[in-house]
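Engineer: no sequence on hand, only this structure:
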Ligand SMILES: *Cc1c(COP(=O)(O)O)cnc(C)c1O
Ligand SMILES: [Zn+2]
């Protein structure tokens with residue numbers, strides 16, 4: 001595997017700064033722009049598209065460590081030069097992609113598929129990137145770097161993933177959360193995994209400001225998605241999704257978007273498959289935002305001519321309650337290249353879409369609710385056609401958001417008319433009462 005090189009490069013085309021993947025660097029020191037991971041495409045091209053597809057299929061969900069992982073099965077495309085013994089994997093990826101037949105029927109789509117990225121170790125897609133980042137830290141430490149802890153600011157899912165992978169690796173973790181703005185499972189996950197868990201009296205953007213200052217100290221390694229190592233892991237979701245459909249490219253791929261790392265990653269995964277000949281076309285990407293935290297939507301409506309951070313307002317989709325997305329400069333060129341669309345959903349729209357999907361067998365997190373609501377709007381506007389193949393990336397498990405579910409069904413969500421709410425029926429423990437209740441309702 002020594003023949004493949006990968007390295008950090010500044011995303012500015014005028015700037016040629018490069019760094020090793022084991023350097024502790026998150027932005028270009030010369031122009032302060034974001035960094036990206038570059039791969040040696042010419043070396044990778046020496047293996048044909050057919051051969052890559054075979055290699056990936058052979059490894060997929062098998063036990064040979066670490067190649068059965070959905071991420072490390074694509075190691076040569078992700079981080080070829082890391083040594084296998086430093087890889088920290090909990091067999092992330094390999095999540096199910098299913099045909100949502102009845103739900104699709106209900107909203108006017110024949111070929112709707114849901115990729116359940118939340119059926120993962122810590123319950124969100126963040127695990128895909130975190131395995132790469134924490135493995136890189138382990139590699140750095142074994143190279144002699146003096147890293148005391150991995151640190152992050154989080155809306156709840158990044159911190160859960162950092163805490164878990166660091167605990168598995170035996171590396172300390174420090175997580176900063178906005179107090180009272182994450183769900184109960186999201187708060188208890190890092191505590192259970194033994195991370196130093198700080199609940200700050202500010203919002204996510206406030207936590208991020210503090211983390212940026214902390215990350216000037218090279219004894220702390222920054223795990224937020226400004227760090228392109230995460231994006232490398234997350235891009236495997238595109239490859240895995242296409243692989244699961246026998247290498248067919250969908251017409252649309254929809255993803256709830258906050259900090260814009262994931263939408264970038266999805267684009268990069270498709271671009272790499274196209275460069276290496278595994279696919280011939282690209283899907284259109286839809287970035288879905290909460291109307292209460294919609295800076296990308298506003299910029300899109302203005303053809304990306306300007307970008308204005310917003311102050312994120314309260315939304316049930318807390319994982320994307322972000323007003324100043326760090327990866328904006330990576331994401332908007334991707335959206336342009338993929339003929340992308342940005343749509344937004346109100347609290348009522350996202351809650352109703354999630355509840356409607358639940359009525360067809362899902363258990364949707366509020367972020368996935370945003371994606372579904374945006375999709376429904378675009379179907380109703382005839383932007384998405386009834387026969388199009390549509391893939392929704394469900395980014396987290398609904399089980400991580402019990403307050404959202406309970407509050408919906410108790411009619412307690414702000415600005416939401418809970419048209420599909422349901423309450424438990426309390427009865428005496430007697431067969432007659434049970435039978436008459438069933439007969440009344442069936
Ligand atoms: C992190 C997260 C997102 C947003 O991803 P970005 O890369 O920040 O745009 C969406 N949904 C869930 C559940 C998340 O945890
Ligand atoms: Zn630069």
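Structural biologist: Sure, I can see it. What you see is a predicted model, and the numbers here were worked out from it, not measured in a lab. Numbering: from 1, shown residues only. Ligands and ions are numbered 1, 2, ... in the order given.

Engineer: where do the helices sit along the stretch 301-442 of the chain?
Structural biologist: Per DSSP state H, counting those that start in this stretch, the stretch 301-442 of the chain carries helices over the ranges 328-337, 347-359, 366-380, 402-409, 431-441.

Engineer: buried stuff in the fourth one?
Structural biologist: If you call a residue buried by 16 or more other Cβ atoms under 10 Å, then helix 402-409 has these buried ones: 403, 404, 405, 407, 408, 409. Any C-beta I mention is one placed from the backbone N, CA and C, and that applies to glycine too.

Engineer: again, but for the second one
Structural biologist: For helix 347-359, burial by neighbour count (16+ other Cβ under 10 Å) applies to 347, 348, 349, 350, 351, 352, 353, 354, 355, 356, 357, 358.

Engineer: go on, the longest one?
Structural biologist: By neighbour count, and taking 16+ other Cβ under 10 Å as the criterion, the buried residues in helix 366-380 are 366-379.

Engineer: and the buried residues of helix 347-359, which is closest to residue 49?
Structural biologist: Residue 49 lies nearest to residue 357 out of these, by Cβ to Cβ, at 35.0 Å.

Engineer: tell me the contacts of residue 263?
Structural biologist: Taking Cβ atoms under 8 Å, 6 or more residues apart in numbering as the contact definition, residue 263 lies against 255, 257, 285, 287, 327, 331, 334, 335.

Engineer: before we move on, what SS does the first one have?
Structural biologist: Just to be clear, that refers to residue 255. Secondary structure, DSSP: H, G, I helix; E, B strand; the rest coil: residue 255 is strand.

Engineer: just give the nearest non-adjacent residue to it, would you?
Structural biologist: Once flanking residues are discounted, residue 255 sits nearest to residue 393: 4.4 Å by Cβ to Cβ, 6 or more residues apart in numbering.

Engineer: the second one too?
Structural biologist: With Cβ to Cβ, 6+ apart as the criterion, residue 257 has its nearest non-adjacent residue at 4.1 Å, and that residue is residue 287.

Engineer: say whether ligand 1 is contacted by the helix or strand encompassing that neighbour.
Structural biologist: Remark: residue 287 resides in strand 284-290, with elements defined by DSSP states H and E. No. Judged by Cβ under 6 Å from any ligand atom, strand 284-290 stays clear of ligand 1, getting no closer than 7.9 Å.

Engineer: that strand pairs with which strands?
Structural biologist: Its sheet considered, strand 284-290 pairs with strand 252-256 (parallel), strand 341-345 (parallel) by DSSP bridges.

Engineer: and that strand, how far out from the chain's middle?
Structural biologist: Put simply, strand 284-290 sits 12 Å off its chain's centre (Cα atoms, centre = their mean, to the nearest Å).

Engineer: do the same with stretch 33-51
Structural biologist: For stretch 33-51, the distance to the chain centre is 22 Å (Cα atoms, centre = their mean).

Engineer: gap between the two ends of that stretch?
Structural biologist: Criterion Cα to Cα, to the nearest Å; first-to-last residue distance in stretch 33-51 is 36 Å.

Engineer: and if you look at stretch 3-20?
Structural biologist: End-to-end distance of stretch 3-20 (Cα to Cα): 16 Å.

Engineer: repeat for stretch 64-72
Structural biologist: First residue to last in stretch 64-72 (Cα to Cα) measures 11 Å.

Engineer: could you give the average pLDDT over that stretch?
Structural biologist: When pLDDT is averaged over stretch 64-72, the result is 97.

Engineer: neighbours around residue 123, how many?
Structural biologist: Residue 123 sits with 26 neighbouring residues when counted by other Cβ atoms under 10 Å.

Engineer: oops, could you answer that again for residue 23 instead?
Structural biologist: Residue 23: 13 surrounding residues under other Cβ under 10 Å.

Engineer: for it, helix, strand, or coil?
Structural biologist: Per three-state DSSP, the secondary structure class of residue 23 is coil.

Engineer: likewise residue 3?
Structural biologist: Following three-state DSSP, we place residue 3 in the coil state.

Engineer: for it, give its distance to residue 81.
Structural biologist: Look at residue 3 and residue 81: by Cβ to Cβ, to the nearest Å, they are 10 Å apart.

Engineer: what about those two, which has more around it?
Structural biologist: Neighbour totals were compared for residue 3 and residue 81, and residue 81 leads with 17 against 11 (other Cβ under 10 Å).

Engineer: excluding its backbone neighbours, what's nearest residue 19?
Structural biologist: Using Cβ to Cβ, 6+ apart and skipping the chain neighbours, the partner closest in space to residue 19 is residue 8 (4.2 Å).

Engineer: hang on, that neighbour packs against residue 21?
Structural biologist: Yes. Applying Cβ atoms under 8 Å, one finds residue 8 in contact with residue 21, separated by 6.3 Å.

Engineer: quick check: mean pLDDT of stretch 210-223?
Structural biologist: Taken as a whole, stretch 210-223 has an average pLDDT of 97.

Engineer: now do the end-to-end distance for that stretch.
Structural biologist: End-to-end distance for stretch 210-223: 13 Å, by Cα to Cα.

Engineer: likewise stretch 308-316?
Structural biologist: Using Cα to Cα, the end-to-end distance of stretch 308-316 comes out at 23 Å.

Engineer: and if you look at stretch 10-21?
Structural biologist: This stretch, stretch 10-21, spans 13 Å end to end (Cα to Cα).

Engineer: mind listing what's buried in it?
Structural biologist: For stretch 10-21, the neighbour count (16+ other Cβ under 10 Å) marks 10, 11, 12, 21 as buried.

Engineer: and if you look at stretch 126-144?
Structural biologist: Buried, per 16+ other Cβ under 10 Å, within stretch 126-144: 126-141.

Engineer: same question, stretch 277-289
Structural biologist: Quick answer for stretch 277-289 (16+ other Cβ under 10 Å): 278, 279, 282, 283, 284, 285, 286, 287, 288, 289.

Engineer: okay if I get these as CSV plus pLDDT and distance to residue 197?
Structural biologist: Converted to CSV, the buried residues of stretch 277-289 look like this (pLDDT from 0 to 100; distance: Cβ to Cβ, whole Å):
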residue, pLDDT, distance to residue 197
278, 98, 41
279, 98, 42
282, 98, 40
283, 98, 38
284, 98, 39
285, 98, 34
286, 98, 34
287, 98, 30
288, 99, 29
289, 98, 28
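
Engineer: from the buried residues of stretch 126-144, which are also near ligand 1?
Structural biologist: The subset of those within reach of ligand 1, by Cβ under 6 Å from any ligand atom, is residue 126.

Engineer: among the buried residues of stretch 126-144, which are in helices?
Structural biologist: Within the buried residues of stretch 126-144, residues falling in helices by DSSP state H are 126-141.

Engineer: would you mind listing what in the chain touches ligand 2?
Structural biologist: Proximity of the chain to ligand 2 is confined to 10, 12, 15, 17, 28, 30, 31, 33 under the rule Cβ under 5 Å from the ion.
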